[in-house]
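In: Turn this into a model:
(chains A and B)
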There are 2 protein chains.
Amino acid sequence: MNNKVTIAIDAMGGDFGVSVTAPAALQVLKKHKNVHLVLVGDEKKLKAQLGMRNRGNKRLLIKHASQQVEMAELPSKALRNKKDSSMRVAINLVKEGAAQACVSAGNTGALMATSRFVLRTLPGIDRPAIMKALPTFDENKKVRVLDLGANVDSYADHLYQFAVMGSALTSAVSGIKSPKVGLLNIGEEEMKGNDQVKHTAQLLSDSKHINYMGYVEGDDIFAGEADVVVCDGFVGNVALKSMEGMAKLIGVYIKKELKRNWSSQLTALLSYPVLRRVRKSLDPNQHNGASFLGLQGIVIKSHGSASQKAFAIAIEEAIIEVEKNVPQRIGEEVGVILEEAEFV
Amino acid sequence: MNNKVTIAIDAMGGDFGVSVTAPAALQVLKKHKNVHLVLVGDEKKLKAQLGMRNRGNKRLLIKHASQQVEMAELPSKALRNKKDSSMRVAINLVKEGAAQACVSAGNTGALMATSRFVLRTLPGIDRPAIMKALPTFDENKKVRVLDLGANVDSYADHLYQFAVMGSALTSAVSGIKSPKVGLLNIGEEEMKGNDQVKHTAQLLSDSKHINYMGYVEGDDIFAGEADVVVCDGFVGNVALKSMEGMAKLIGVYIKKELKRNWSSQLTALLSYPVLRRVRKSLDPNQHNGASFLGLQGIVIKSHGSASQKAFAIAIEEAIIEVEKNVPQRIGEEVGVILEEAEFV
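Out: Got it, this is the predicted structure:
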């Protein structure tokens, strides 16, 4: 575990750019002595931001990039016109082997398009997917959900590949030997679900490589029964954001109620540490860092509005995936499946 | 508003059957003097449940039905084999004009299939949809979301019809003249969304009958910008249940934190009324009663596990829709659109 790990950071990405990414990098370096970081971006800005704090730190490099991908920029345009962007250069470092992973808080679409173009997908994987670990009722257990929006209009074959990738990552990172995979579905329809889900269920049931546990409904995601939940990117993205919306809504109502009268204001005072701990456990920032799975390299997407702490968590996610050889693990799993398919 | 309103109640439906539906009926009758209720179900059970409390109440009728649809029964089987079920007989009463609406906490799929078979859809409507009002950041504003699971694999035409229906209901019930309609989408993809959403957006933009405001993401549903949010039934059902799952998760974490030590136990004591009020504002039971839109009649689906209070709220939703002539309003709106289309 103490081998040297090098991570390339798109230092210009996200809502706050270098003012978040640079201090987060220093924070991570302090904690992880085997980690080297390359901050990619505007050299002047980075030097100004780091100031004296970086003097003599051999584990922090600055790599200049003259361009920056805007948050609202079209991915295709970024890919075409921003060949010296901090994002592109950071991904190039992974491609060249100078870094083992890239972390960015930038434009998700551009990051996905560029990662896919530069790093390519693993053999046997048609489409990369976005995966995130979410909390469950059991504090010690996480559930990993994919795809969260890399793809829309996916076919059953793609969802099956998502299951293989999610399973391989979970087994590599969490040490669960045969992660339970659930398929996101609804309970209302006669035969349950749409055509995509029914077909996927068939593929998953038939596979001896997946520990398929059956359908999972939206309100079961957090139950912790499943280690991995697979869904179409459109559905997954809506589900994730609906959860975030509900969390915000509850926050708003609690705040309102705590301001209502003097006794609730007293309660507010007392409940502050309690609510802070709850927020800390459930805050998306605390679970920051979505994995782009299925690429020949590790790319972690941080939330655009991540704080320094949250961005540091995303970097740590990258470190874990490097140390656990996630792409290799996925590649091996897919390789076995492909090999067997050839003999059928 | 004080015209006589008659509602048929599937008294056997839901997890608790007559022990919830009968007391809820009495509760509603007490409050609404213009309302008559018909409890449909096992006469003996209903009489035993009501006991003396119903003596002389001319606004409460019991209508015997010899069968009952099970919660897990296949809709097609219920439709074929349960012609004297409490659910079927209650819907028949609406068809015959003996009641103006039906309320059931029973099997959603069976209720939808039976409603559709008995009542038929309105001319110009291909598929009914399930709609629910959800809270927003603004306590005084609701957002109505449809479809929540009546249909999967919907086409853009269907989503357009959902927009027309949701708009007509919102305008009838809330008095908003030209409700703002949003289309649920994700923000990640280059051109945004899947084929279904893109095509629907085109139809909504082109329509002069819809006050289309554009795309809404999962975390914007509660923002209160949109009065109506339209989506495919699969997506809507996942979104709704993901929200419920998150609410449950937060509840679990708050409870855990409040039990942690003596100071948080004191906080728990003090914060009880605050949290109770928050729960009351956001509890799905407080917003109980999903509308089946697009039928030639009013059908309200209560949550299966609804309490007496919650079931009474679902009955009240039916009363409002009767008083506001919701199916007629939808029919008129669709009629105008169809007529114009003929002249194109």
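
In: What about A:Ile130, how many residues nearby?
Out: The number of residues packed near A:Ile130 is 27, by other C-beta atoms under 10 Å in any protein chain shown. From N, CA and C alone the C-beta is placed, and that goes for glycine too.

In: Tell me which helix or strand it sits in.
Out: strand A:129-135 (DSSP states H and E).

In: what residues does that strand touch?
Out: Strand A:129-135 is contacted from outside by A:108, A:112, A:142-151, A:161-162, A:165-166, A:169, A:221-222, A:233, A:236, A:240, A:243, A:281-282, A:287, A:289-294, A:301, B:188, B:249, using C-beta atoms under 8 Å, 6 or more residues apart in numbering or on different chains.

In: What is the subsequent helix or strand relative to it?
Out: Next along the chain after strand A:129-135, taking DSSP H and E as the criterion, comes strand A:142-146.

In: Next, the angle from the helix or strand just after that next one to strand A:142-146.
Out: Next in sequence after strand A:142-146, counting helices and strands by DSSP H and E, comes helix A:156-174. If you take axes from the mean of the first three to the mean of the last three C-alpha atoms, to 10 degrees, helix A:156-174 sits at 150 degrees to strand A:142-146.

In: Name the strands paired with the strand holding A:Ile130 and say parallel or antiparallel.
Out: Partners of strand A:129-135 in the sheet, by DSSP bridges, are strand A:142-146 (antiparallel), strand A:290-293 (antiparallel).

In: so how far is it from its chain's centroid?
Out: Centroid separation for strand A:129-135 versus its chain: 6 Å, with C-alpha atoms, centre = their mean, to the nearest Å.

In: Check stretch A:276-285 too.
Out: Between the centre of stretch A:276-285 and the centre of its chain there are 17 Å (C-alpha atoms, centre = their mean).

In: mean confidence for it?
Out: Averaging pLDDT along stretch A:276-285 yields 72.

In: list the buried ones in that stretch?
Out: A:277-279, A:281-285 (16 or more other C-beta atoms under 10 Å in any protein chain shown).

In: circling back: let me know which of the strands paired with strand A:129-135 is tucked in deepest.
Out: Burial of the strands paired with strand A:129-135 is given as mean neighbour count (mean count of other C-beta atoms under 10 Å in any protein chain shown); strand A:290-293 ranks first at a mean of 27.

In: Can you spell out which helices and strands pack onto whichever helix or strand comes after that strand?
Out: Using DSSP H and E, the helix or strand that follows strand A:290-293 in sequence is strand A:298-301. Applying 3 or more C-beta pairs under 8 Å, 6 or more residues apart in numbering or on different chains; DSSP states H and E, we find strand A:298-301 packed against helix A:86-96, strand A:101-104, helix A:108-119, strand A:290-293, helix A:308-323.

In: Let me know the angle separating the last one from helix A:156-174.
Out: Same thing as helix A:308-323. Angle, helix A:308-323 to helix A:156-174, by the same axes, to 10 degrees: 100 degrees.

In: And helix A:308-323, what does it pack against?
Out: Secondary-structure packing of helix A:308-323 (3+ C-beta pairs under 8 Å, 6+ apart): strand A:5-10, helix A:18-31, strand A:101-104, helix A:156-174, strand A:298-301.

In: Please name the residues that touch the residue most central in space within chain A.
Out: In chain A, the C-alpha nearest the mean C-alpha coordinate belongs to A:Ala290, at 0.7 Å (C-alpha atoms, centre = their mean). Contact analysis of A:Ala290 by C-beta under 8 Å, 6+ apart lists A:130-132, A:148, A:300-302.

In: A:Tyr155 contacts A:Val197, correct?
Out: No - A:Tyr155 is beyond contact range of A:Val197, at 11.5 Å (criterion: C-beta atoms under 8 Å).

In: In terms of packing, which of those two has more residues around it?
Out: Set side by side, A:Tyr155 and A:Val197 show more neighbours around A:Val197, with 24 against 16, by other C-beta under 10 Å.

In: in which helix or strand would I find A:Gly106?
Out: Assigned by DSSP H and E, A:Gly106 falls outside every helix and strand.

In: From B:Ser115, how far out is the residue of chain A positioned farthest from its centre?
Out: Within chain A, the residue lying farthest from the chain centre (C-alpha atoms, centre = their mean) is A:Trp262, at 42.5 Å. Distance, A:Trp262 to B:Ser115, by C-beta to C-beta, to the nearest Å: 51 Å.

In: What of A:Leu169?
Out: From A:Leu169 across to B:Ser115, the span is 44 Å (C-beta to C-beta).

In: Which one of those two is surrounded by more residues?
Out: B:Ser115 (29 against 25).

In: Tell me how far that one lies from B:Met87.
Out: Taken as C-beta to C-beta, the span from B:Ser115 to B:Met87 is 9 Å.

In: ditto for A:Asn92
Out: From A:Asn92 over to B:Met87 the distance is 63 Å, taken as C-beta to C-beta.

In: between these two, who's got more neighbours?
Out: For the pair A:Asn92 and B:Met87, the greater number of neighbours falls to B:Met87 (30 against 21), based on other C-beta under 10 Å.

In: For chain A, which residues score under the pLDDT cut-off?
Out: Chain A contains residues with pLDDT under 70 at A:1-2, A:188-191, A:263-264, A:266-271, A:274, A:284, A:341-344.
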